[in-house]
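>>> sequence plus predicted model, see below.
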Amino acid sequence: MSVHHPHAEPVPTPGPAAAPPEPTPLFAWAATGDGPDPLPVVHFTTDDQEVALTPEGLALWPYHEAIREGGWHHFADFDAWAVPAETWGAAYRLEDDMFVAGGPGACATWYQGSLRPDEAWVAAARAAQSVVLLTAPIQHPSMYGYAVEAGVAYALLVPLMVV
């Protein structure tokens, strides 16, 4: 025989599993490489700097899974990232300063937002019809060199449409 207590709290029923938290949004900075045929570059950074290490000492940060699924390469591996990433695409719409970049897996909607490039970047983008995407767990592109030295900088060469 069960007795119902009038003041008893209802037993909670499990609901759907909570979705993992979304990573902190990426920020993008446009830059133009040096040389006679400069390539347009876009640095991606984030304020979320919580980096964990694997047992092998590899840095993991909120975008690590996306980087792995998206086919990014360590910046130091030029031969790997200097080949256009066929599964990626990028477009820049000059009219409203909209830059969109995406690739496979978790990178399907890598970035969509303002870029604010200068005229040299737009000219290089139109000429090259490709863009170098750079990312690292840093808060500003000026720190990218340190990320390269630490082995936590990644790059891709992506086909680009400027409209």
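Looks like it arrived, so ask away. On a predicted model such as this, the values are computed, not experimentally measured, just so you know.

>>> in three-state terms, label Tyr144 for me.
Counting by DSSP: H, G, I helix; E, B strand; the rest coil, the backbone at Tyr144 sits in helix.

>>> what of the one 5 residues further on?
Following three-state DSSP, we place Glu149 in the helix state.

>>> tell me, how many neighbours does it end up with?
One way to gauge burial is a neighbour count; for Glu149, by other CB atoms under 10 Å, it gives 11. For the C-beta atoms, the positions are set from N, CA and C on the backbone; glycine is no exception.

>>> okay, it and Asp97: tell me how far apart.
The spacing between Glu149 and Asp97, counted by CB to CB, to the nearest Å, is 32 Å.

>>> what of Ala30?
The span separating Ala30 from Asp97 equals 10 Å under the rule CB to CB.

>>> could you do Ala90 as well?
14 Å.

>>> now Ala82
Taking CB to CB as the measure, Ala82 and Asp97 are separated by 28 Å.

>>> Ala30 and Asp97: which is more packed in?
More neighbours surround Ala30 than the other of Ala30 and Asp97, with 22 against 12 (other CB under 10 Å).

>>> which residue is the nearest non-sequential neighbour of that one?
The spatial neighbour of Ala30 that comes closest, neighbours along the chain excluded (CB to CB, 6 or more residues apart in numbering), is Pro117 at 3.6 Å.
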